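S.K.: Starting from these lines, generate the structure:
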Amino acid sequence: MGERENEIFKARFDARFDELKWLYISLYNNYDMLEDLNHNLYNIYMARGDELRALDLEREKTPNWYKAPGMFGVTMYPKLFAGGLKGVQEHIPYLEELGIRYIHLMPLMKTPYEQNDGGYAVTDFREVDPSIGTVEDLENLSAALRKAGISLCCDFVMNHTADNHDWAMRAKAGDPEYQARYMMYDNYDIPRIYEWTVPEVFPNTAPGNFTWNEQMHKFVLTSFYPFQWDLNYKNPVVFNEMVYNLLFLANCGAEVLRIDAVPYIWKELGTTCRNLPQVHTIMRMVRLICEIVCPGVLLKGEVVMAPKELPIYFGTHDKPECHLLYNVSTMVNTWGALATADTRLLREMVDTIAALPPQCSFVNYLRCHDDIGWGLDEDAVRRLGFDPLQHKIFLYRFFDGEYEGSYARGALYNYDEKSLDARSCGTTASLCGIEKGEYEGDPKQVETGIHRDLMLHAFMISLSGIPMLSSGDEIGQLNDWSYQDDPSRAADSRNIHRSPFNWEAASHRHDPSTVQGQIFEGLQKMKTLRSQHDAFNTDARVYTIDTGDNGVLCLVREYGGERLYCVYNFTNYVKDLTMPAFTGKEEDLFTGVHAGQGKLLLPEYGYMWLRA
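M.R.: Here you go, the predicted structure:
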């Protein structure tokens, strides 16, 4: 290793060590463990490949590389997409054709065969799950993606391990050192105090937040599932070892690390154990460590919270934490607007997100591997004159197809008979009515479903941040109801949209007479236009204007002298709108059609990107 690499590391380390030391000692007051951290950071940096170190230097010069208008993402399970990591590598040309610059591969690391929460119960943070490949396969894939200009995002499950992880097995065997890496108690006295203030994540999955382990005769904190043991971040050994695991993934070639369940990382008696200040100390230290070892790597936080609680997870301009967060609230309100044909809640959410500080950058999406959790702003719902619970019931009944007149076909997830809470599952195409239309042999329904699908995608793609498709949505893939016939999958309705990619259907993606062709080519057009226009710059001024119709949303983007009016009809009616802002010169980027002076005619589920 040359002197230049030593100098680079020293410069990065020296610039950040004072703050890292202050944070670490304030949290742990343990200089020996700090020294252990420092020593290992150097070794991990030295083990980083030449190609990755070169990428780090490039990204340090262009730190906002991920904010480029041409960024376009997809999320997938590698096994479902192409049988595993080697299969994904073989299909890189397809990803290039789709215009992908960012690919999020769902959990890759080794998990228990059963009860793995879709891969989020990790048995080994250094071993790829054998069902999808090996660490060598991951390194080869990341290199091939990098050559194609595609950044790899991997999950890092920071909050917990599987109950068969080596640490958990040693804890079960009675080793006090490893028991101290989790939060466990001999009796229910302390857990009972926790339960007074800590809400349950999944109230209908298991009672309480603790699980009794008969082998140890101890209660273990298990916030999500009994087979996922929460880690004890009050123990500096846990922090250090998990950081080393995170950097292992970075050295395998991950350019983005999705940190799972960020708000839950720190637990404190007498609190909700959510969003505590120590979480931000930890995330700031992780950011500093990545800037020292692998500054080309981004941190993406999974923070499913209200918009007002999001900015703190980005940190500040001078002391940043996450680079990216998920735009969960806008996703939820997008589907709400579609079901109700009323965009008022969505418009309020768009304006709220747009008003956040400039360091706040989001990944935008319609669907993902998970459910649609109806975490609506209840005060806003009441202001519109609706009862929040009844509104939520309407939404999930609409999208599971039970509501009279619904075109959607989906499934409930985590329905709770006591609270009447539930979430919704399904692919975009099925929730938009394409499945119902095809099942009933009704071409008109299918056509209308395609219009809904493309309109929603156009809206999502016009938001600031990285637009991310769910694999299969680009070809209008439908729900896979066969999960109900598999005893190992039937209990989790999220499997309805966790199905193998349909490569036979994808072969029709260039045939405009097919569902696949219309959606694929429509998305291609959106992606191309987004990359060509300054108004989609992440620093654009974004706001909404009143259309005079609750069913129509108009998003305005301004940057570099260019202004775009992005208009979306969330109803099944043609809209003849009075729009005083329009001069008649505005031209739709998709069709070349001009708006009328003070007027706009919009078809059912229509959309336009009008350039002023």
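S.K.: show me where the stretch 351-500 of the chain has helices.
M.R.: Listed in chain order, the helices found in the stretch 351-500 of the chain under DSSP state H, counting those that start in this stretch are 378-383, 388-399, 428-431, 434-439, 443-461.
S.K.: Okay, domains of the chain per the record?
M.R.: In the assignment given by automatic domain parsing, the structural domains of the chain cover 1-159+235-326, 166-230, 330-356+363-529, 540-611.
S.K.: of all the helices of the stretch 351-500 of the chain, which lies closest to E90?
M.R.: Shortest distance between E90 and the helices of the stretch 351-500 of the chain, using Cβ to Cβ, is found for helix 428-431: 25.3 Å. C-betas here are computed from N, CA, C, even on glycine.
S.K.: which secondary structure elements does that closest one contact?
M.R.: With contacts defined as 3 or more Cβ pairs under 8 Å, 6 or more residues apart in numbering; DSSP states H and E, the secondary structure elements packing on helix 428-431 are helix 443-461.
S.K.: Tell me the buried residues in the helix it packs on?
M.R.: By neighbour count on 16 or more other Cβ atoms under 10 Å, the buried set for helix 443-461 is 445-446, 448-461.
S.K.: any chance you could map the helices in the stretch 101-250 of the chain?
M.R.: Under the criterion DSSP H, counting those that start in this stretch, helices of the stretch 101-250 of the chain are mapped to 135-147, 166-172, 176-179, 189-197, 236-251.
S.K.: Mean pLDDT for those helices - can I get that in JSON lines?
M.R.: Shown next, in JSON lines, are those (pLDDT from 0 to 100):
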{"stretch": "helix 135-147", "mean pLDDT": "98"}
{"stretch": "helix 166-172", "mean pLDDT": "98"}
{"stretch": "helix 176-179", "mean pLDDT": "98"}
{"stretch": "helix 189-197", "mean pLDDT": "95"}
{"stretch": "helix 236-251", "mean pLDDT": "98"}
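S.K.: that older thread, out of the helices of the stretch 351-500 of the chain, flag the one nearest Y102.
M.R.: Across the helices of the stretch 351-500 of the chain, the minimum distance to Y102, taken as Cβ to Cβ, is reached by helix 443-461, at 13.4 Å.
S.K.: what's across from D155 in the sheet?
M.R.: Taking DSSP bridges, one finds R258 as the beta-bridge partners of D155.
S.K.: I'd guessed it sits against D260; true?
M.R.: Yes. Using Cβ atoms under 8 Å, D155 is in contact with D260, at 6.0 Å.
S.K.: taking the helices of the stretch 101-250 of the chain together, which one is wrapped up most tightly?
M.R.: Stretch with highest mean neighbour count among those: helix 236-251 (a mean of 20; mean count of other Cβ atoms under 10 Å).
S.K.: for this protein, which helix is longest?
M.R.: Here the longest helix in the chain is taken by residue count, with DSSP state H as the criterion, and it is helix 3-28.
S.K.: Show me which residues of that helix are buried.
M.R.: By neighbour count, with 16+ other Cβ under 10 Å as the criterion, the buried positions of helix 3-28 are 8-9, 12-13, 16-17, 20, 23-24, 27-28.
S.K.: who's more crowded, D155 and D260?
M.R.: In this view D155 and D260 are compared by other Cβ atoms under 10 Å, and D155 has more residues nearby, 22 against 19.
S.K.: Dig out what A162 forms beta bridges with.
M.R.: On DSSP bridges, the residues paired with A162 through beta bridges are Q228.
S.K.: From F125, how far out is it?
M.R.: Applying Cβ to Cβ, to the nearest Å, one obtains 10 Å for the distance of A162 from F125.
S.K.: cool, Y28 as well?
M.R.: When distances are taken as Cβ to Cβ, Y28 and F125 turn out to be 21 Å apart.
S.K.: Then G315?
M.R.: Using Cβ to Cβ, one obtains 25 Å as the distance from G315 to F125.
S.K.: now D473
M.R.: Counting by Cβ to Cβ, the gap from D473 to F125 is 30 Å.
S.K.: More neighbours: which of the two?
M.R.: D473 (24 against 20).
S.K.: ok, how many other residues are close to the closest residue in space to the more buried one that isn't next to it in sequence?
M.R.: Taking Cβ to Cβ, 6 or more residues apart in numbering, and ignoring the residues beside it in sequence, D473 has T428 as its nearest neighbour in space, at 4.7 Å. Counted by other Cβ under 10 Å, the residues lying close to T428 total 27.
S.K.: isn't T428 right up against D453?
M.R.: Yes. The pair T428 / D453 is scored as a contact, 5.8 Å apart, by Cβ under 8 Å.
S.K.: For the nearest residue to Q484 once chain neighbours are set aside, give me phi and psi.
M.R.: Sequence neighbours aside, A490 is the residue nearest to Q484 in space, at 5.2 Å (criterion: Cβ to Cβ, 6+ apart). When quoted as degrees, to the nearest 10, the phi and psi of A490 stand at phi -60, psi -30.
S.K.: Which pLDDT value goes with A490?
M.R.: In this model, A490 is scored at 92, pLDDT.
S.K.: same question, the one 10 residues further on
M.R.: Among the per-residue scores, P500 shows a pLDDT of 96.
S.K.: residues contacting it?
M.R.: Taking Cβ atoms under 8 Å, 6 or more residues apart in numbering as the definition of contact, the neighbours of P500 are 80, 480.
S.K.: what's around the nearest residue to A261 once chain neighbours are set aside, how many residues?
M.R.: Nearest residue to A261, sequence neighbours excluded (Cβ to Cβ, 6+ apart): N159, at 4.2 Å. Around N159 sit 23 other residues, with neighbours defined as other Cβ under 10 Å.
S.K.: ok now do N159, which residues does it touch?
M.R.: For N159, the contacting residues are 223-224, 230-231, 260-261, 264-265, by Cβ under 8 Å, 6+ apart.
S.K.: possible to save those residues as CSV with pLDDT and distance to I44?
M.R.: Shown next, in CSV, are these (pLDDT from 0 to 100; distance: Cβ to Cβ, whole Å):
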residue, pLDDT, distance to I44
S223, 94, 29
F224, 92, 29
D230, 97, 26
L231, 98, 20
D260, 94, 21
A261, 93, 24
Y264, 96, 26
I265, 97, 21
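S.K.: Please identify which of those is nearest to V593.
M.R.: When these are compared for distance to V593 (Cβ to Cβ), D260 comes out closest, at 44.8 Å.
S.K.: How about the backbone phi and psi for the closest one?
M.R.: D260 has phi and psi values of phi -80, psi 140 when expressed as degrees, to the nearest 10.
S.K.: Please list all residues in contact with it.
M.R.: Contacts of D260 were listed using Cβ under 8 Å, 6+ apart, and they are 120, 155-159, 302.
S.K.: Not counting sequence-adjacent ones, nearest residue to it?
M.R.: In space, D260 is closest to V157, 4.6 Å off (Cβ to Cβ, 6+ apart).
S.K.: Can you tell me the number of residues neighbouring the one you found?
M.R.: Using other Cβ under 10 Å, the number of residues around V157 comes to 25.
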